[in-house]
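Chemist: With the input below, show me the fold.
(4 chains)
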Protein chains: 2
Amino acid sequence: METLHELMAETCRILAHPARIRILHLLASGPCEVGTIALALGVSQPNASQHLAVLRGAGLVEAGRDGREVFYRLSDPGVLDACDAMAAVMRRRLARIADLSARLAGDAEPRGGGPADGRGPGAPLPRSA
Amino acid sequence: METLHELMAETCRILAHPARIRILHLLASGPCEVGTIALALGVSQPNASQHLAVLRGAGLVEAGRDGREVFYRLSDPGVLDACDAMAAVMRRRLARIADLSARLAGDAEPRGGGPADGRGPGAPLPRSA
DNA sequence: TCGATGGATGCGCACGTGCGCATGAGTGGC
DNA sequence: GCCACTCATGCGCACGTGCGCATCCATCGA
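Modeler: As a prediction, this is how the structure comes out:
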């Protein structure tokens, strides 16, 4: 963990889990307690606490006490911008897949239904592309 | 892999490796062959090929043949925006750590040298914060 | 047709990560 | 002082991932 790329990869790794993404979006609308977060995510309390610990270790969220409860909040709302950028990449990727799928369905219709998962169209380089 | 958050997390997971980040930045300046990429990254050819396969599976890069060589190129340059957003989050995090470290060094100077790694200052909630 | 080169794939191992579970630590109410 | 509640932590297991290594496939030149 020393180069720029390693730090960027580490930041990505923190976000590489649906539960943590959901936590960030949940905290986007205001601070929240651990129990509420666990309930909203449908996970166990220790599990939510672990994910929160990861996010806190990365400095993406901050914690504070309010009586017996511990509330978490975003320490850098800008992380949502990163999520949006990631979602944009994902949407464009899905759009390309859908487009490719439609194009294939136009040429011939050998497939049952699924719009492939991105691995199909990007096969193993069948011929000089 | 069905909800929006799961797709976003998957996209993040693809970027959660320094080598893949470096590959994307390398391809930002134009298409490149596998051997060149492996050499630039200082990794073995099979290793580079595997990372490229991951990126291709995610639809972030595309491959094509040019004689015996296979060149890869970015299929969506917008992924660099996502990297930038991630880097921005990371920079702000480092800035907060540096600021906190400097603040601690101002109060007292119990530490030898390292500006902590973000886990120190975010200790286990010592008291009502 | 054969050898050489560039790339992809299969295999095995080591490591990290996520989760459930039980338990410990901190706080407020009685 | 004791109990109830909320959250954090330690432990063990299952799984995924990254890597080196050897090997196979595709293409080009002789």
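Chemist: can you pull the contacts of the nearest residue to residue A:24 once chain neighbours are set aside?
Modeler: Nearest residue to residue A:24 in three dimensions, chain neighbours excluded: residue A:79, at 6.0 Å (CB to CB, 6 or more residues apart in numbering or on different chains). Any C-beta I mention is one placed from the backbone N, CA and C, and that applies to glycine too. Neighbour list for residue A:79: A:15, A:24, A:60, B:89 [criterion: CB atoms under 8 Å, 6 or more residues apart in numbering or on different chains].
Chemist: and with 7 Å instead?
Modeler: Counting by CB atoms under 7 Å, 6 or more residues apart in numbering or on different chains, residue A:79 touches A:24, A:60, B:89.
Chemist: Which members of those residues are positioned in helices?
Modeler: The members of these that map onto helices under DSSP state H are A:24, B:89.
Chemist: Save the contacts of residue A:79 as JSON lines, and put in pLDDT, neighbour count and distance to DNA strand C too.
Modeler: Shown next, in JSON lines, are those (pLDDT from 0 to 100; neighbours: other CB atoms under 10 Å in any protein chain shown; distance: CB to the nearest atom of the strand, whole Å):
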{"residue": "A:24", "pLDDT": "97", "neighbour count": "21", "distance to DNA strand C": "14"}
{"residue": "A:60", "pLDDT": "95", "neighbour count": "25", "distance to DNA strand C": "13"}
{"residue": "B:89", "pLDDT": "90", "neighbour count": "25", "distance to DNA strand C": "17"}
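Chemist: Out of the contacts of residue A:79, which is nearest to DNA strand D?
Modeler: Relative to DNA strand D, the closest of the contacts of residue A:79 is residue A:60; by CB to the nearest atom of the strand it sits at 14.1 Å.
Chemist: The closest one contacts residue A:78, correct?
Modeler: No - if you go by CB atoms under 7 Å, residue A:60 and residue A:78 don't touch, sitting 9.9 Å apart.
Chemist: which residues of chain A score low on pLDDT?
Modeler: Applying pLDDT under 70 to chain A flags the ranges A:1-2, A:107-129.
Chemist: What residue spans form the domains of it?
Modeler: Following automatic domain parsing, one gets these domains for chain A: A:4-76, A:79-117.
Chemist: Let me know which of these is tucked in deepest.
Modeler: Compared across those, domain A:4-76 shows the largest average neighbour count, a mean of 18 (mean count of other CB atoms under 10 Å in any protein chain shown).
Chemist: Next, format the contacts of residue A:79 as JSON lines and append distance to residue B:95.
Modeler: Listed next are the contacts of residue A:79 as JSON lines, based on distance: CB to CB, whole Å:
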{"residue": "A:24", "distance to residue B:95": "19"}
{"residue": "A:60", "distance to residue B:95": "14"}
{"residue": "B:89", "distance to residue B:95": "11"}
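Chemist: Closest one of the contacts of residue A:79 to residue B:104?
Modeler: residue A:60 (20.6 Å; CB to CB).
Chemist: Contacts only, for that closest one.
Modeler: Listed by CB under 7 Å, 6+ apart, the contact set of residue A:60 reads A:14, A:24, A:75-76, A:79.
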